[in-house]
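Novice: following is a predicted model, sequence given first.
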Amino acid sequence: MASSFIVLLGPPGAGKGTQAEVLTDKLGLPHISSGDIFRENLKKQTELGQKAQVYMNRGELVPDDLTIAMIHERLSQPDAARGAILDGFPRTPAQAEALAKMLGEMGGQVKVVPYIAVPDQELIERLSGRWTCRSGGHVYHEKNNPPKVAGKCDVDGSVLYQREDDRPETVSNRIRVYSQQTAPLIEYYHSHGLLAEVDGTKPISQVTDEMLKTVQEHLK
Ligand code: AP5
């Protein structure tokens, strides 16, 4: 059977990372987040990390050629052979075309694209209250999803920090960039019969229930 890929689509702060953690758990597929891979490279000060940092700090997209090569490398690792939950990739029509080509070559296909819809004002509130775990990237919110102990990750006990690109001026630019460069993918995946809109304004557990139902229907 062709391996199954799920593409999570939605604006910055919609809840892609939050939901990907649950889907990974329930479906046993790896969570591949382009943003997490860039941040990991940045932490290790690799050449890719240093190049990406310039764009990330401005809230702009890292150029397609760098991003596509990075994902190509990640998808060629053995754990992605059965499929994966893709979070933050693709983000441009060129990336979507590149993904279709990569999956074609590896005998995989995108099975469903849950689109998590959330209005802009709510996104700003979510990103300004977000705390992220330093080692595993687990995500919290100071009001909506607080850790059991302030400043510490429930999963691995590591320190929580606020992302550099969650500063208000960078967040506004990320939302603008999303509308201009990524939102066209809503129509792209709709026209391929893969889009499944999920109301992302509901509480996290309700979004998860809706998302799981949709995903499981498409994986049958
Ligand atoms: P990336 O790391 O992908 O960031 P993003 O897409 O902007 O998404 P976020 O991680 O900010 O949000 P999310 O949707 O995962 O929300 P979360 O679950 O954390 O990218 C960062 C940068 O890397 C980009 O700007 C770009 O420079 C570069 N990059 C990455 N991929 C690229 C690509 N493909 N091409 C080019 N450049 C790329 O939730 C947010 C907060 O809300 C949390 O605090 C959470 O607890 C809370 N929350 C979640 N769900 C709910 C809910 N239902 N109700 C209330 N609160 C909620």
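Specialist: Yep, it's here.
Novice: hey, which strand is longest across this structure?
Specialist: Longest strand in the chain by number of residues (criterion: DSSP state E): strand 108-117.
Novice: hmm, that strand touching the ligand?
Specialist: No: Strand 108-117 is not in contact with the ligand by Cβ under 6 Å from any ligand atom; minimum separation 6.9 Å. For the C-beta atoms, the positions are set from N, CA and C on the backbone; glycine is no exception.
Novice: distance between that strand and the chain's centre?
Specialist: 12 Å (Cα atoms, centre = their mean, to the nearest Å).
Novice: same check, this time on stretch 165-184
Specialist: 14 Å.
Novice: for the ligand, what's the nearest residue on the protein?
Specialist: G35 (1.9 Å; Cβ to the nearest ligand atom).
Novice: and that residue, its phi and psi?
Specialist: Main-chain dihedrals, G35, degrees, to the nearest 10: phi -60, psi -40.
Novice: that older thread, next, the buried residues of the longest strand of the chain.
Specialist: G108, V110, K111, V112, V113, P114, Y115, I116 (16 or more other Cβ atoms under 10 Å).
Novice: before we move on, back to that, tell me, how many neighbours does the residue of the chain closest to the ligand end up with?
Specialist: By other Cβ atoms under 10 Å, 20 other residues sit near G35.
Novice: pretty sure it is touching L86, no?
Specialist: No: between G35 and L86 there is no contact under Cβ atoms under 8 Å: 11.5 Å.
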